[in-house]
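Student: fold the following for me, if possible:
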Amino acid sequence: MSELQEPKYGINDNGEIYNRETGSVIPEDEPIFILRARDIHAIGALKNYSDLCEVDGHIMTVLRRIQDFANFAKNNPERMREPGSKR
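Tutor: Prediction:
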């Protein structure tokens with residue numbers, strides 16, 4: 001997982017997902033939910049999430065990611081899709 005794909009997390013040599021800033025590993029028993037930029041509902045979900053956040057620094061990070069997703073959608077309309085669709 002490149003930093004371009006996910007700036008906060010990476011995958012270490014052991015195949016574990018870790019926080020790039022702190023180095024802490026996400027335990028295998030902790031569920032993770034991934035939204036892809038091609039998902040037509042992702043931007044809306046991220047906007048709703050940002051409305052729930054209370055820490056300004058985190059809100060700004062989420063808003064930057066929303067812009068990344070919006071740029072992807074604008075530049076790649078042919079790749080946008082309903083989640084679970086076969087196309």
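Student: CA atoms for contacts and neighbours, from now on please.
Tutor: Will do.
Student: report pLDDT for G84.
Tutor: For G84, the model assigns a pLDDT of 85.
Student: next: N76.
Tutor: 98.
Student: any idea how many residues pack against it?
Tutor: A count of nearby residues for N76, using other CA atoms under 10 Å, gives 12.
Student: kindly report the same for R38.
Tutor: Other residues close to R38 by other CA under 10 Å number 20.
Student: name all residues that make contact with it.
Tutor: 69, 72-73, 79-81 (CA atoms under 8 Å, 6 or more residues apart in numbering).
Student: scan those residues and report the most crowded one.
Tutor: Result: F69 is most packed of these (other CA under 10 Å), 21 neighbours.
Student: and that residue, what does it touch?
Tutor: 37-38, 42-43 are the contacts of F69 under CA under 8 Å, 6+ apart.
Student: where's it relative to D39, distance?
Tutor: Distance of F69 to D39, computed by CA to CA, to the nearest Å: 9 Å.
Student: repeat that for R20.
Tutor: Taking CA to CA, one finds R20 at 25 Å from D39.
Student: cool, D13 as well?
Tutor: 29 Å.
Student: counting residues, which helix of this structure comes out longest?
Tutor: helix 56-75 (DSSP state H).
Student: what about Q67, how many neighbours?
Tutor: Applying other CA under 10 Å, I find that Q67 has 12 neighbouring residues.
Student: do E6 as well
Tutor: 11.
Student: wait, a strand at it?
Tutor: No - applying DSSP: H, G, I helix; E, B strand; the rest coil, one finds E6 to be coil, outside a strand.
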